[in-house]
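In: just the structure for this:
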Amino acid sequence: ARGIEKINRYGTPICISGHKMELRGSDREKGQYIYTCPVFHPNAKQEGLTCPLANHAECCNGAAQGRVFRIDFDQTPQVDVELPQHGRTFEVLYSTRTIIERIFGILKDGYSLRRVHKRGKQAVEAHVDRCMISMHIMANMAYHQTGKANCGWTRNRLQRAN
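Out: Numbers count the residues shown, from 1 in each chain. Predicted coordinates for the structure are as follows:
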């Protein structure tokens, strides 16, 4: 599309000036997300971003509010239609999560608790116990190595530790 360099792996359009476009909402009738310019749009303006005049003319024909870009829902399946992870509502909701919810996320993604393939209460409890012991061992190792209990566990760090 005119003025769009690419769409990154998260589904966010990047303009020819290299700026991530700001998700402003969605049009449910047409099945599209609506992105706006982060430099010129008054509601999406980000401080410190500039756009060269040549790019501004090529991208949005010099429009005062910048480029408005629409993309179909089915072209970005990685974006949740109900609560897009690029939107400001998602950022507000995510920032209000407590630390325990983040630890639950770590347990589910990093310690195999998202899908438990065990049958019976005793087998599931044993699996959860092993995952919790693994988490405490990793936290203890991280504390002794860095002085912090949580050093940002990721799947890659877990694979290197094993």
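In: how many neighbours does the residue lying closest to residue 70 once chain neighbours are set aside have?
Out: Counting by Cβ to Cβ, 6 or more residues apart in numbering, the nearest residue to residue 70 once its immediate chain neighbours are dropped is residue 32, at 4.4 Å. Quick note: C-beta positions are derived from backbone N, CA and C, even for glycine. In terms of burial, residue 32 registers 17 neighbours under the definition other Cβ atoms under 10 Å.
In: you'd agree residue 32 is up against residue 24?
Out: No - assessed by Cβ atoms under 8 Å, residue 32 is found out of contact with residue 24, at 11.4 Å.
In: on the three-state scheme, residue 46 is what?
Out: Classification of residue 46 using DSSP: H, G, I helix; E, B strand; the rest coil returns coil.
In: so which elements touch the top helix by length along the chain?
Out: Ranked by residue count under DSSP state H, the longest helix found in the chain is helix 121-146. In terms of contacts (3 or more Cβ pairs under 8 Å, 6 or more residues apart in numbering; DSSP states H and E), helix 121-146 is packed against helix 99-110, helix 155-161.
In: and it, how far from the chain's centre?
Out: Going by Cα atoms, centre = their mean, to the nearest Å, the spacing between the C-alpha centre of helix 121-146 and its chain's C-alpha centre is 26 Å.
In: so which bits of that helix are buried?
Out: Of the residues in helix 121-146, those with enough neighbours to count as buried (16 or more other Cβ atoms under 10 Å) are 127-128, 131, 134-135, 138-139, 142.
In: hey, what's the angle from it to helix 99-110? Just curious.
Out: Taking axes from the mean of the first three to the mean of the last three Cα atoms, to 10 degrees, one finds helix 121-146 and helix 99-110 inclined to each other by 110 degrees.
In: avg pLDDT for helix 121-146?
Out: Averaged across helix 121-146, pLDDT comes to 83.
In: the bottom helix or strand of the protein by mean pLDDT?
Out: helix 155-161 (a mean of 46; mean pLDDT, DSSP states H and E).
In: look up how far residue 59 lies from residue 101.
Out: 39 Å (Cβ to Cβ, to the nearest Å).
In: same question for residue 53.
Out: Residue 53 sits at a distance of 11 Å from residue 59 (criterion: Cβ to Cβ).
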